[in-house]
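Trainee: sequence plus predicted model, see below.
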2 protein chains.
Amino acid sequence: MDTNAPIKVYMTRKLIGVEPNDSIRRACEVMVEFDIGSLVVVENGKVVGFFTKSDVIRRVVIPGLPNTTPVREIMSGELISVDSNTPLREVLDLMAKKGIKHMLIEENGEIVGIFSLSDLLTASRRRLETAIAAE
Amino acid sequence: MDTNAPIKVYMTRKLIGVEPNDSIRRACEVMVEFDIGSLVVVENGKVVGFFTKSDVIRRVVIPGLPNTTPVREIMSGELISVDSNTPLREVLDLMAKKGIKHMLIEENGEIVGIFSLSDLLTASRRRLETAIAAE
């Protein structure tokens, strides 16, 4: 794990999305199916929102909303993102400061990927494997 | 981040718990309050179960259970744990293989802490801060 390397080396380029009118239940099924902790919300090919499992806990389970509620009612419309050339160390710093576990990544103003703590686990192990291979 | 160091260096010793008869709503409020992704379930001073936000998504939101359901109905009774002297690299390896984001830590057969991907973020940054301080 080279913390000076740009985040694009470690991010996941495959963005999994749902539509604003999809139900929370459907969105949760997608999260379980792909084993991911967040989803982008896409409308007419553009990312218009984002939400995490924590948002579902906070905005659905605690207030007791039905799982038929559309995703647009719980998504965050304000997207937090960094450029894909940002060094890993800066991204980790920002995530810790903001207390978030997922960071959207952009290139030329467009969301192209995501970096999560699961990617950090992969990155940490990648370094181990390289170290082991070099032994 | 020294991946050969024992996991006890990086784990969180403060275990946050609920009781088996607490409601899922109450448990979720505790997770939000402490900003954590999992809870141990404690009965008569003993850890009898464990569950994560993912378990809430999978076992509560998708099937549409009410948030008044007691925690005992969705907790995992089988606890996955490692000894506190296990090297960090082994723990990361195990978490990746099992696809889990939280690992319970035991000492002398008793659960004494937890290591999560948030702790990995802290550990990764700790190394950075040490590196920056040494510059």
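Mentor: Yep, it's here.

Trainee: any figure for the gap between the residue of chain A found nearest chain B and B:Lys46?
Mentor: Chain A approaches chain B most closely through A:Leu117 (3.8 Å), counting by C-beta to the nearest C-beta. (C-beta placed from N, C-alpha, C; glycine too.) Going from A:Leu117 to B:Lys46 by C-beta to C-beta, to the nearest Å gives 30 Å.

Trainee: between these two, which has more neighbouring residues?
Mentor: Between A:Leu117 and B:Lys46, A:Leu117 has the larger neighbour count (other C-beta atoms under 10 Å in any protein chain shown), namely 23 against 10.

Trainee: who touches the residue nearest to that one when sequence neighbours are not counted in this structure?
Mentor: Among residues not flanking A:Leu117 along the chain, B:Leu117 sits closest, at 3.8 Å (C-beta to C-beta, 6 or more residues apart in numbering or on different chains). Going by C-beta atoms under 8 Å, 6 or more residues apart in numbering or on different chains, B:Leu117 touches A:Lys101, A:Leu117, A:Ser118, A:Leu120, A:Leu121, B:Met95, B:Lys101, B:His102.

Trainee: out of the residues you listed, who's nearest A:Pro87?
Mentor: A:Leu120 (13.8 Å; C-beta to C-beta).

Trainee: surely the closest one meets A:Ala96?
Mentor: No. A:Leu120 is beyond contact range of A:Ala96, at 11.1 Å (criterion: C-beta atoms under 8 Å).

Trainee: these two: who's more crowded?
Mentor: Neighbours per residue (other C-beta under 10 Å) separate A:Leu120 from A:Ala96, with A:Leu120 holding more: 24 against 14.

Trainee: list the contacts of the more buried one.
Mentor: Applying C-beta under 8 Å, 6+ apart to A:Leu120 gives the contacts A:Tyr10, A:Leu92, B:Leu117, B:Leu120, B:Leu121, B:Ser124.

Trainee: so it sits in a helix?
Mentor: Yes. Applying DSSP: H, G, I helix; E, B strand; the rest coil, one finds A:Leu120 inside a helix.

Trainee: quick revisit: closest one to A:Glu73 out of the contacts of A:Leu120, please.
Mentor: Using C-beta to C-beta, these come closest to A:Glu73 at B:Leu117, 28.1 Å.

Trainee: format the contacts of B:Leu117 as CSV; extra columns: pLDDT and distance to A:Lys14.
Mentor: As requested, these are arranged in CSV below (pLDDT from 0 to 100; distance: C-beta to C-beta, whole Å):
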residue, pLDDT, distance to A:Lys14
A:Lys101, 95, 18
A:Leu117, 95, 17
A:Ser118, 93, 13
A:Leu120, 94, 17
A:Leu121, 94, 17
B:Met95, 96, 21
B:Lys101, 95, 19
B:His102, 96, 24
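
Trainee: which residues in chain A form helices?
Mentor: A:24-34, A:53-56, A:88-98, A:117-134 (DSSP state H).

Trainee: deepest-packed of those, please.
Mentor: Sort the helices of chain A by mean neighbour count, taking mean count of other C-beta atoms under 10 Å in any protein chain shown, and helix A:53-56 sits at the top with a mean of 22.

Trainee: residue ranges with poor pLDDT in chain A?
Mentor: Applying pLDDT under 70 to chain A picks out residues A:127-135.

Trainee: rewinding a little: next one: the residue nearest to A:Leu117 from A:Met11, what distance?
Mentor: 16 Å.

Trainee: before we move on, what about A:Ser116?
Mentor: From A:Ser116 over to A:Met11 (counting by C-beta to C-beta), the distance is 9 Å.

Trainee: picking that back up, shared neighbours of A:Leu120 and A:Ala96, anything?
Mentor: Jointly contacting A:Leu120 and A:Ala96 under the rule C-beta under 8 Å, 6+ apart are B:Leu121.

Trainee: near chain B, which residues of chain A?
Mentor: For chain A, the contact set with chain B under C-beta under 8 Å from any C-beta of the partner chain comprises A:1, A:3, A:24-25, A:28-29, A:31-32, A:35, A:37, A:53-54, A:56-58, A:60-62, A:64, A:66-67, A:89, A:92-93, A:95-96, A:99, A:101, A:117-118, A:120-122, A:124-125, A:127-128.
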